[in-house]
Each structure stands twice: as structure tokens, then as C-alpha cells.
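S.K.: Here's a sequence, model it:
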Amino acid sequence: MAPWHCELTRAHPFDFNSFMTKTVSLHLKRADLIVSHNFIAGNWQASLEPDQPLMPVTDPSDASLITHVADSGAVDALAAVDAAQSAFSDWKSRPAKERATVIKRWNDLIVSHKEDLGKLISREQGKPLAEGEGEVLYAASYVEWFGEQATRSNGEIIPTPANNKRLMAIREPVGVVAVITPWNFPAAMIARKIAPALAAGCTVVAKPAEDTPLTALALAKLAQEAGLPPGVLNIVTTSRTRAAQVVDVWLADDRVRKISFTGSTPVGKHLAKESASTLKKISLELGGNAPFIVFEDADIDAAVEGLMVAKFRNGGQTCVCPNRVYVQTLVHDEFVQKLAVRVAALKVGPARELDSQIGPMINARAVEKIERHVQDAVAKGAKVVTGGHRIQRAESPQAAYFSPTVLTEATPDMVCACEETFGPVVPVTRFDTEAEVVGQANDTPFGLAAYFYSQNPARIWRVMEALECGIVGINEGALAAEAAPFGGVKESGYGREGSVYGLDDYQHIKYFCQGGLG
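M.R.: Just a heads-up that it's a prediction; the model follows:
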């Protein structure tokens, strides 16, 4: 992530014509990494459905066209499953070390192409270039981790109940895995799912988000170059309107033994319901409503820094972004004052401007939602400390920019307290007691991430154990790591990604009992 600046360096924080702004070309050195076809059975191919129009992929910073990709349907989805099922027997039977070697070669290619992949992410998703390249390395960390874990998936010899028997348990791949990923981290999310699947010996069919399919296709191209056999990984692109046609095929097909999805809770519930007919394994990383709590005994400067890191990465478009900020009354004004200075100084702009820290939102719908949340909060008594409005750039009036915003006097009845804003808006609520704020933090159907700042050891343990979520940041705003389990509780889903636990969801346990040994 680009460093956050502590002071205002311009007469107006959104002076886009500043002579200090430097721009860079986002053209790729390897133009062939921008791929327009599906990847099925090791082949790059157009949609198998005749006369189906292509789907445009645009740059959210100026709405310009990058390329077109296939707008696939049921026929393509079925072809992907056929290819994955055909490849499964060979891939699962390969020695773990051989699978690991291919995965590690893939990691090496991802890292060596970090500049091109970072530019591609920034072009189709909009995040600043430094964040785009950072995401590439973050994605690669999962590929490297699971390449190593492939050789560490051990079984167990179980103590026998009788001298003439021996009991054993081994881990086996579940089979074909269907992967459905979001647009906010187009490299990291797909790598975090595909890498453990491949390491376990599974084969994959994947549907990247309709807004950001190009990064997934580029990663597939590098996997092919790394020596991944045909059919082991298959990518099918499709539009929002036709996505159900693709996914419904995978839900109904009993050869697909697992679904891994990151996205909204309503869609996750639909997938869970529809996968029940074939009893697939399913991993769901769904919506969040993360609280960020600052106690009066906190290091206020560290808390401000932690919130900047946690909230404004990717312009607030992450599932673990703090959505509700609670500050104890004694330190409320100091915290808000320091936070407002930092937020007002953030540079909003396209990725091609190297000092940009907040890029465009993914599309117009996203900005409309953010604007609705801010207007609702103000109507119910919130005060705008900084920001609170759309930003239009003269050279790209269609772009979806929103100013980084701090609101005070936020209350639980505001929409921003109940729904994920998914944008650069910080609603701040005062609180008086620990019991009060823990109750407010847990008063949500979601339970993905939570953060709190305190220097009281006893309080740290109490609050850490009381928060109802899968991930807790204690005096820390950056949570994710390839070695750590990532996932939520309640309506934020189930299953874990990353870490030694991340391989479990792609495997089942087979038990052997051998008798006649006495």
C-alpha cells in the first residue's frame, strides 16, 4: 500500500492539476497477458454458444474499453466441468512433490510478472498502482504457501483396539472444485482458492467477477506456462445477467464436489441451499460489518494509523474494512481531529497518477450506494467532518469517484451501521463503557472481522474473547497473511482460507481398517 501522508500538501486536497502529480503508462510489457477467451481443457476458446455477444471490460477510472471477453453460458460451464473431471484422475494421482513443483513454478511466474499483473489489476479494478502490485505479491504468497503445503498433507496411524488390526486415515482431494470470486481483489481471491485446490489434488472450474475477469485469465495463462496440465484449471467468464446460467450448471452437477465462494451473504445462502441436493462441500466468505473500537487507554496515534490502513485500502472496498468506528468519549474528539487531517489529505485519482491513494469505485452502482449511506446518515443527525460527496474529474466525467469521508454522531439506526458501505466512509460513534461497545459491536448478523485498540492487558483478553467474529485485529489494522486462517462466523459464512486449515476444505478423510494381522 502506498504510504499515507500526514499533512495537507495542497491548497485543496483534491487539486488534481497539481504540478507534482506524475503519471505512468499502464500498458503491459507482455500484451499477450490480456486474454479475451475462456480457458477450457488447456485451450483458449470463444464461447461455445453460437452468436453470443462479447462482454466489454472497462477501466473504472475513465470508463474506457480495455477489451472484450466471452459472455459464457451453460454450454461453456458444462464443458469446463467435463475438462476438469477428465483431468482429475491424473492430477490427483501425481506425487505431491510433482504438484508442488508446478505450483511453485506458477508462483515464480506471478512474481516475475508483478508489474504487468499490477497494471492489469489497476486498469480493470481501479486501485492505485502500488496497491495493484502489492496485491500480486499477496496473491503469490498463497500460491507459494500452498505449493509448500502440498507435501505436508499427512495422514495418521490410529492406535489399534486389537492386536490383529491396524487403523489408518489418509487425506484425499474432494474432486472438481467450483470457484466463484469477487471483483475487489481479482488476483488474491482467485489465488487463495485455486492454490489450495491444486495442492490438494483437486481440479478447478472458476468464474471470476464480471467486472474484473482479465486478471484471472492472465493468471491462468501463467499457470499454463508453468506446466499445469490441460483441464486442471478452467476459467469461464460471464456477465452479471448470465452468471446464474454458469453457476447453476455447477450446482446441479454431482461431479462438482465443492463450491468456494466469496461475495454477498444473499448469494452465499443461495449457493448453500442449491448445493444441498448433491451434498457438496462449500466454503463461504460472505458479507462483513466490521467494528473498529478505540478505548480511552489506546495509543491514539497508532489507532488512527491502524484505521487508515484497515479502512482505506482499495478505497474501502474490502470485506474486512471497518464499517462502524466506536471511540470512547474521553478520546473521541482527539481521535476524530487527527483522523480528519489524515483523511482530508488522501489523494483521489486514477492509477496512472503515481501519488493516487484512493482510486475510483468499481462502478456507478457502488457510488450510488455510498452516496445513499452518507445522505441517510446526515438526515438522521450525522455530521460531515470531511468529504461526503462525489468527485468528478473533467477528463473522465463518467468515472466513479467518491471523496474520503468522516462522519461523527453516527447511530445504530443509520443504514451505514447495518449494511456494508464498501467505500471510503468512516462513521464514528461515541461510547462510554466496555460492555456497551461490545454489545454494539456484536449487534449484527455478520461476524467476519473486528478491530480494537487498547493498552490494558486484561481488557484485551476480555474483548478479544467477547467479540463474535472469525478475525480480530488487536492494536493492528492489517490482518491477512497466507499463514493465518481467514473466514467468518454467523452470516459471514464458514470455512477458512489460508493457513494449514485452508487445505482441509479441499480434502476428505478416508479411513482404513486392516484385519487378519494376528
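
S.K.: Tell me which other helices or strands the helix or strand harbouring Leu339 touches.
M.R.: Here Leu339 sits within helix 329-344, counting by DSSP states H and E. In this structure, helix 329-344 packs against helix 300-312, strand 383-386, strand 405-408, strand 425-431, with contacts taken as 3 or more CB pairs under 8 Å, 6 or more residues apart in numbering; DSSP states H and E. (Each C-beta comes from the backbone N, C-alpha and C, glycine too.)

S.K.: May I see those organised as TSV, with mean neighbour count, mean pLDDT and distance to Pro445 added?
M.R.: Listed next are the helices and strands packed on helix 329-344 as TSV, based on neighbours: other CB atoms under 10 Å; pLDDT from 0 to 100; distance: least, CB to CB, whole Å:
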stretch	mean neighbour count	mean pLDDT	distance to Pro445
helix 300-312	21	98	21
strand 383-386	17	98	28
strand 405-408	24	98	23
strand 425-431	24	98	18
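
S.K.: Save those as JSON lines, and put in distance to Lys273 too.
M.R.: Output for these, formatted as JSON lines (distance: least, CB to CB, whole Å):
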{"stretch": "helix 300-312", "distance to Lys273": "32"}
{"stretch": "strand 383-386", "distance to Lys273": "41"}
{"stretch": "strand 405-408", "distance to Lys273": "37"}
{"stretch": "strand 425-431", "distance to Lys273": "32"}
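
S.K.: right, and these - which one's nearest Leu217?
M.R.: Taking CB to CB, helix 300-312 is the member of these nearest to Leu217, at 28.6 Å.

S.K.: Of all the residues in stretch 246-260, which ones are buried?
M.R.: Buried residues in stretch 246-260, defined by neighbour count with 16 or more other CB atoms under 10 Å: 246-247, 249-251, 253, 256-260.

S.K.: If you could redo that for stretch 138-152, that was the one I meant.
M.R.: Judged by neighbour count (16+ other CB under 10 Å), stretch 138-152 contains these buried residues: 138-147, 149-150.

S.K.: cool, and stretch 375-383?
M.R.: Residues 376-377, 382 are the ones in stretch 375-383 that count as buried (16+ other CB under 10 Å).

S.K.: Quick check: end-to-end length of it?
M.R.: From its first residue to its last, stretch 375-383 covers 11 Å (CA to CA, to the nearest Å).

S.K.: quick one: the helix holding Leu339 to helix 300-312, angle?
M.R.: When axes from the mean of the first three to the mean of the last three CA atoms, to 10 degrees is applied, the directions of helix 329-344 and helix 300-312 differ by 50 degrees.

S.K.: buried residues in helix 329-344?
M.R.: Result for helix 329-344 [16+ other CB under 10 Å]: buried residues 331-332, 335-336, 338-344.

S.K.: which other residues reach the very next helix or strand once past it?
M.R.: Using DSSP H and E, the helix or strand that follows helix 329-344 towards the C-terminus is helix 364-379. Helix 364-379 is contacted from outside by 317, 361, 384, 388, 390, 398, 400-402, 405, 407, 410, 414-416, 419, 421-425, 427, using CB atoms under 8 Å, 6 or more residues apart in numbering.

S.K.: gap between Phe512 and Ser499?
M.R.: Relative to Ser499, Phe512 is positioned 27 Å away (CB to CB, to the nearest Å).

S.K.: which of those two has more neighbours?
M.R.: In this view Phe512 and Ser499 are compared by other CB atoms under 10 Å, and Ser499 has more residues nearby, 18 against 11.

S.K.: Report pLDDT for that one.
M.R.: Listed pLDDT for Ser499 reads 95.

S.K.: correct me, but it touches Ala480?
M.R.: No: with contacts counted by CB atoms under 8 Å, Ser499 stays clear of Ala480, the gap being 10.7 Å.

S.K.: Which neighbours do the two have in common?
M.R.: Any residue near both Ser499 and Ala480 by CB under 8 Å, 6+ apart counts here, and that gives Phe486.

S.K.: what's the helix or strand for the residue nearest to Asn456 when sequence neighbours are not counted?
M.R.: What sits nearest to Asn456 in space, not counting adjacent residues and going by CB to CB, 6 or more residues apart in numbering, is Asp297, at 5.0 Å. Taking DSSP H and E as the criterion, no element holds Asp297; it sits outside all helices and strands.

S.K.: contacting residues for Asp297?
M.R.: Contacts of Asp297 by CB under 8 Å, 6+ apart are 454-456, 459.

S.K.: Among those residues, which are located in helices?
M.R.: Among the contacts of Asp297, DSSP state H puts Arg459 in helices.

S.K.: hmm, back to that, may I see the buried residues of helix 329-344 organised as JSON lines, with distance to Ala187 and pLDDT added?
M.R.: Listed next are those as JSON lines, based on distance: CB to CB, whole Å; pLDDT from 0 to 100:
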{"residue": "Val331", "distance to Ala187": "38", "pLDDT": "98"}
{"residue": "His332", "distance to Ala187": "38", "pLDDT": "98"}
{"residue": "Phe335", "distance to Ala187": "34", "pLDDT": "98"}
{"residue": "Val336", "distance to Ala187": "35", "pLDDT": "98"}
{"residue": "Lys338", "distance to Ala187": "33", "pLDDT": "98"}
{"residue": "Leu339", "distance to Ala187": "30", "pLDDT": "98"}
{"residue": "Ala340", "distance to Ala187": "33", "pLDDT": "98"}
{"residue": "Val341", "distance to Ala187": "33", "pLDDT": "98"}
{"residue": "Arg342", "distance to Ala187": "28", "pLDDT": "98"}
{"residue": "Val343", "distance to Ala187": "27", "pLDDT": "98"}
{"residue": "Ala344", "distance to Ala187": "31", "pLDDT": "97"}
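
S.K.: How is Ala399 assigned, secondary-structure-wise?
M.R.: Ala399 falls in the strand class when you classify it by DSSP: H, G, I helix; E, B strand; the rest coil.

S.K.: Would you check that it makes contact with Asn363?
M.R.: No: the criterion here is CB under 8 Å, and Ala399 misses it with Asn363 at 10.1 Å.

S.K.: between the two, which one's more packed in?
M.R.: Ranked by neighbour count (other CB under 10 Å), Ala399 and Asn363 place Ala399 first, with 24 against 15.
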